[in-house]
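In: the sequence and its predicted three-dimensional model are supplied below.
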Amino acid sequence: PIFEFTPNDQHAKAIKDVLTSRSRISLINGAAGTGKSLAIKLIQQGIQEAGLNVHGYATSSQATDLLRQDGMNASTLASLIHNPKSREAIRGGVMLIDEASLVSSADMLEIFRIAEAENARIVLSGDFQQHKSIGAGNCYKMLHDKAKLPTASVNKILRQKDPKFREAITDLSKNRTLLGYQKLDRLGAVHEIEDHETRINQICDDAIASRLKKRSNLIISPTNAEGALINEVMRTKLREKGLLKGKDHEIKTLHNLNLTLAERRDLNKHESGNIIRLTKAIKGGYKAGEEYQILERKKGEDFQVKNR
């Protein structure tokens, strides 16, 4: 297979640790750019060569698609938890949970129950320094720190080829944030533009120039409002350069509010016009996947909904 990185001794040890572990649950931890995906791919191959099924799971559909692009059968964690029929795929096999630090304690407990019922092993892949779950609990890190579960690690940054850039990124990955940014600044990688309009235009111009050179780029905005403005300016510039053609089509999409369980139970968090999408069936004939719109109501009152 063709990989982004060449496997090194650290990958070999991590792969051996997971494949030879006698624990039902194993962890593989590593920051972005360390080749963790490479290790996961080779772990998958090793498990399959042993005659076992491997099924990947992630917290979002986008992350699930990335697992599929790497050649793994994959589904969302929601489908595993709420659709019992889907569990046949992991019976007697291995469940590989990607971005495990994003999994809440309640969902992790349910995953463990499912694994025990289906006689399946679990491999949790994640990064202790990554964002934590929206739901309660930092379960992934606690399994390492408190439960002392076997953990394979890959921590050498490989993605940055320039040694000086790699050194700065290593500092950032180890929470030496100020030191890392100071090194990036000295390398000329940090540009501060105070004027708002000038900054937005420069961001879009640089992104388009990168695209014309067939290089990937990612624009990250601190607020939704600024992100919407950047998208608008970007579309205008792409049209001016002939890179975006055809008629505009406005499509309404739903935006996940990412409410915690406690917030979902708070009536004041649900505004008139909001859409409730069910991720699992509820007593009374309400099915998973159905959507209901909250009707007009006064703040604090019980709300009524209509089926969309």
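Out: Noted; the coordinates are in hand.
In: please count neighbours and contacts with C-alpha atoms only from this point.
Out: Will do.
In: which intervals of the stretch 201-308 of the chain have sub-threshold pLDDT?
Out: Residue ranges of the stretch 201-308 of the chain with pLDDT under 70: 299-300.
In: switch the cut-off to 80
Out: 258, 260-261, 267, 279-281, 288-289, 297-303, 308 (pLDDT under 80).
In: and the helices in it?
Out: For the stretch 201-308 of the chain, the helices defined by DSSP state H, counting those that start in this stretch cover 224-240, 261-264.
In: and the first one, what's buried?
Out: To tie it back to what came earlier, the one meant is helix 224-240. By 16 or more other C-alpha atoms under 10 Å, the buried positions in helix 224-240 come out as Ile230, Met234, Lys237.
In: now for the helix or strand encompassing Arg166, which elements pack on it?
Out: Using DSSP states H and E, the element containing Arg166 is helix 163-173. Helices and strands touching helix 163-173, by 3 or more C-alpha pairs under 8 Å, 6 or more residues apart in numbering; DSSP states H and E, are helix 177-186.
In: which elements pack onto the helix it packs on?
Out: When contacts are defined as 3+ C-alpha pairs under 8 Å, 6+ apart, helix 177-186 sits against helix 163-173.
In: show me what counts as buried in the helix it packs on.
Out: For helix 163-173, using 16+ other C-alpha under 10 Å, the buried residues are Phe165, Arg166, Glu167, Ala168, Ile169, Thr170, Asp171, Ser173.
In: send me that helix as CSV with only the CA atoms.
Out: Extracted C-alpha coordinates of helix 163-173, given in CSV (Å, rounded to 0.1, in the frame of the first residue of the first chain):
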residue,chain,number,x,y,z
PRO,A,163,13.2,20.4,10.7
LYS,A,164,12.6,23.9,12.0
PHE,A,165,8.9,23.8,11.2
ARG,A,166,8.7,20.3,12.7
GLU,A,167,10.3,21.5,15.9
ALA,A,168,7.7,24.3,16.2
ILE,A,169,4.8,21.9,15.5
THR,A,170,6.2,19.5,18.1
ASP,A,171,6.1,22.3,20.7
LEU,A,172,2.5,23.0,19.8
SER,A,173,1.5,19.4,20.1
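In: all set now, cheers.
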